[in-house]
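Novice: based on what follows, work out the 3D shape:
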Amino acid sequence: TVAGPDGLTFKGHNVFFNEEVMQILTDEPVEFTYQKHRGNSDHGLRVDLIRVEGPPKPDQLLSVGGFRRVLLRGHVEMDLATDRESVHVACDEGFDFNLQSLVASFKINVNVTRPTGPGEAFMLKKCQYLDLLLEDGSSDAHHGSPHAHDAPATPIVRSNANEPSEVQTEQRLNDSANQA
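Specialist: Prediction:
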């Protein structure tokens, strides 16, 4: 398990740290958390870290100032926390989050489910990609600061979905599950 600030954890096997290029790498399945978000990837991850000059903090082995980019490979499933509920996102070909540009991208066969009420859900199904262009309320985030302390809060969604959304009732969701 690799742990960091804000509830950041990565759990997996054969996790390597490359100090020269400041990366955490694994090709094995991994589970992760960050703040109230959680998820997993079946083909590993790569985390590009930010080197900080000077001695490490007392609780650190190296001077790491945060992360620049996170790549999750293979099939990815995430539960993204919002103010009201959790949004479930799954995709088949990986996830890329670039903290400096505040873009989170899901690739190939992207499915999104967000509860909208009792027995109802907003759903996007089988998109080729889903880009979340995130905006953080802090002024540092607008200048590409890698030291933003909160996850970006306001997403702008870009996708190739034919229909922007479909609201399904619990009965329609159950009917779909019974047909499968």
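
Novice: for stretch 110-126, which positions count as buried?
Specialist: For stretch 110-126, burial by neighbour count (16 or more other CB atoms under 10 Å) applies to V110, N111, V112, T113, R114, A121, F122, M123, L124. (Glycine included, C-beta is placed from N, CA and C.)

Novice: so where's this structure shaky on pLDDT?
Specialist: 5, 60-62, 135-180 (pLDDT under 70).

Novice: among the buried residues of stretch 110-126, which are in helices?
Specialist: Here DSSP state H is the test, and these give no hits in helices at all.

Novice: quick one: contacts for L25?
Specialist: By CB atoms under 8 Å, 6 or more residues apart in numbering, the contact set of L25 is V15, F16, F17, N18, G44, L45, R46, V47.

Novice: out of those residues, list just those in strands.
Specialist: Among those, the members found in strands (DSSP state E) are F16, F17, N18, L45, R46, V47.

Novice: tell me the two of those that are most distant?
Specialist: Greatest spacing in the ones in strands among the contacts of L25, by CB to CB: N18 and L45 (13.1 Å).

Novice: shared neighbours, these two?
Specialist: Contact criterion CB under 8 Å, 6+ apart; residues shared by N18 and L45: I24, L25.

Novice: more neighbours: which of those two?
Specialist: Neighbours were counted for N18 and for L45 using other CB atoms under 10 Å; L45 has more, 27 against 11.

Novice: show me what L71 is bridged to.
Specialist: With DSSP bridges as the criterion, L71 is bridged to R46, D96.

Novice: shift numbering so it begins at 49
Specialist: With 49 as the first residue, the last one maps to L119.

Novice: let me know whether it touches F143 as I believe.
Specialist: Yes. Counting by CB atoms under 8 Å, L119 does reach F143; the two are 7.3 Å apart.

Novice: settle it for me: which of these two has more neighbours?
Specialist: F143 (23 against 18).

Novice: what sits against the more buried one?
Specialist: Neighbour list for F143: S89, V118, L119, L120, V124, M126, A152, S153, F154, K155 [criterion: CB under 8 Å, 6+ apart].

Novice: widest-spaced pair of the buried residues of stretch 158-174?
Specialist: Every pair of the buried residues of stretch 158-174 checked by CB to CB; the farthest is V158 and A169, at 15.4 Å.
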